[in-house]
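In: show me the folded form of this:
(chains A, B, C and D)
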There are 2 protein chains.
Amino acid sequence: MLSPQQRLDDIIGKLRQRACRITPQRVAILKIFLSSDEHPSVERVYEQVRADFPTTSLATVYKTVALLKEIGEILEINFADDRNRYDGLKPYPHPHLICTRCKRIIDPEVTLLEQLKSEVAQSSGYLVLSHQLEFFGICPTCQQK
Amino acid sequence: MLSPQQRLDDIIGKLRQRACRITPQRVAILKIFLSSDEHPSVERVYEQVRADFPTTSLATVYKTVALLKEIGEILEINFADDRNRYDGLKPYPHPHLICTRCKRIIDPEVTLLEQLKSEVAQSSGYLVLSHQLEFFGICPTCQQK
DNA sequence: CTTGCTAACGATAATGATTATTATTAAATA
DNA sequence: TATTTAATAATAATCATTATCGTTAGCAAG
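Out: Predicted structure coming up:
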């Protein structure tokens, strides 16, 4: 487990190896992903990065997201109607628990998932490479209303 | 477990109760969903229904899909980049196994999922209403290539 | 430190799946 | 069969995301 600072340096090193340029915008966007546990959307990151770099373009956020996704440092969470959300803290497949009222997303503790995965691989003959598990419901706060 | 014909009659009855009109287009679209195990996209259903009713509009397919989704008779499967797909045979949450090469979707047998669900509900305090579980991989056919 | 190369930037147009609009058609009921 | 109005076909609008393109600036070499 790396500290946020170590991970930042690590990822920047990875980008350098790819001959990617280290721009202030990229670093700012990266920092937002590494420090946010709210599973932000592109739009949300855009708002936040504009606080420090007011001229940043939405396109730059999208392109940085695509880059970080490609090198496996953020995880994309897809939605039917809503915009995609991203997880920069745990950029590997893991379950999410989503409140359909307030759109809050948390990471529930789950066991047994790996067993489930190999069960599926075995019985189907598929080479299972990835997965996506989302639970939808109402969070405790929204239940009280 | 109802036969396809029984289910068709059943759903048509349900639509009548809602004061929905039973049009040839709706019946044709419904029949396609009830007889297809390929988890078709809207576009795919559109192609198929046009074989029998060449003047059918894409908008009609979309609206019928929205209706059937609303009454819980088809299940929507969301994708990141690709178009949505639909399952009219098992219109309740269940896992899918998706080949990322040929886009084929099958329904793997899975146990333990209900336990997993109540585990998550218990530890989080959320009221868990639904879920979505997708496995991504390479199907046996595509592995040989 | 300056220069040159070119990746990345900002601005904005294009894309593409889905949704909304509207005039017309045709189920359903009397 | 006529009346009512939901559903249809055609098509415009929406909106998240992607592509384009002229300009800017990271960075390696001198």
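In: sheet partners, orientation included, of the lengthiest strand in chain A?
Out: For chain A, the strand that runs over the most residues, judged by DSSP state E, is strand A:127-138. When pairs are called by DSSP bridges, strand A:127-138 turns out to pair with strand A:96-99 (parallel), strand B:127-138 (antiparallel).
In: okay, now the closest residue to A:R83 other than its chain neighbours: neighbour count?
Out: In space, A:R83 comes closest to A:S41 once its chain neighbours are excluded; the distance is 4.7 Å by CB to CB, 6 or more residues apart in numbering or on different chains. In this view, the C-beta of every residue, glycine as well, is placed from N, C-alpha and C. Using other CB atoms under 10 Å in any protein chain shown, A:S41 is surrounded by 19 other residues.
In: repeat for A:K90
Out: So A:K90, with other CB under 10 Å, has 13 neighbours.
In: chain A: helices as residue ranges?
Out: Shown for chain A, the helices assigned by DSSP state H span residues A:4-17, A:24-35, A:42-52, A:58-70, A:113-124, A:140-143.
In: highest mean neighbour count out of those?
Out: Comparing the helices of chain A on average neighbours per residue, with mean count of other CB atoms under 10 Å in any protein chain shown, the densest one is helix A:24-35 at a mean of 19.
In: can you list the neighbours in contact with that one?
Out: Helix A:24-35 has contacts (CB atoms under 8 Å, 6 or more residues apart in numbering or on different chains) with A:4, A:7-8, A:11-12, A:15, A:20, A:40, A:45, A:48-49, A:52-53, A:56, A:60-61, A:64-65, A:67-68, A:73-74, A:86, A:88-89.
In: equivalent analysis for stretch A:129-141, please.
Out: Counting by CB under 8 Å, 6+ apart, A:77-78, A:93-102, A:104, A:106, A:108, A:110, A:113, A:117, B:100, B:117, B:120-121, B:125-138 sit against stretch A:129-141.
In: and A:T111, what's its pLDDT?
Out: At A:T111, the model reports a pLDDT of 84.
In: contacting residues around it?
Out: B:E119.
In: of all residues in chain A, which one is nearest the centre?
Out: A centroid search over chain A (CA atoms, centre = their mean) returns A:D87, at 1.8 Å, as the residue closest to the centre.
In: give the burial count for the nearest residue to that one once chain neighbours are set aside, as a bare number.
Out: Nearest residue to A:D87 in three dimensions, chain neighbours excluded: A:L75, at 4.3 Å (CB to CB, 6+ apart). Taking other CB under 10 Å as the criterion, the count of residues near A:L75 is 20.
In: is it correct that A:L75 is in contact with A:R85?
Out: No: A:L75 lies out of contact with A:R85 (CB atoms under 8 Å); the separation is 9.3 Å.
In: OK, contacts around A:T60?
Out: Counting by CB under 8 Å, 6+ apart, A:T60 makes contact with A:Q25, A:I29.
In: give me the distance between it and chain B.
Out: Going from A:T60 to chain B by CB to the nearest CB, to the nearest Å gives 21 Å.
In: could you do A:N78 as well?
Out: Taking CB to the nearest CB, one finds A:N78 at 5 Å from chain B.
In: my read: that residue touches B:N84, true?
Out: No: between A:N78 and B:N84 there is no contact, the gap being 10.5 Å when judged by CB under 8 Å.
In: low-confidence stretches in chain A?
Out: A:81 (pLDDT under 70).
In: stretch A:21-37 vs DNA strand D: in contact?
Out: Yes: Stretch A:21-37 comes into contact with DNA strand D (CB under 7 Å from any atom of the strand), by way of A:R21, A:I22, A:T23, A:P24.
In: now, which of the residues you listed lie close to DNA strand C?
Out: A:R21, A:T23.
In: from DNA strand C, how far out is the residue lying farthest from the centre of chain A?
Out: What lies farthest from the middle of chain A is A:S123; by CA atoms, centre = their mean that is 30.3 Å. According to CB to the nearest atom of the strand, to the nearest Å, A:S123 and DNA strand C sit 30 Å apart.
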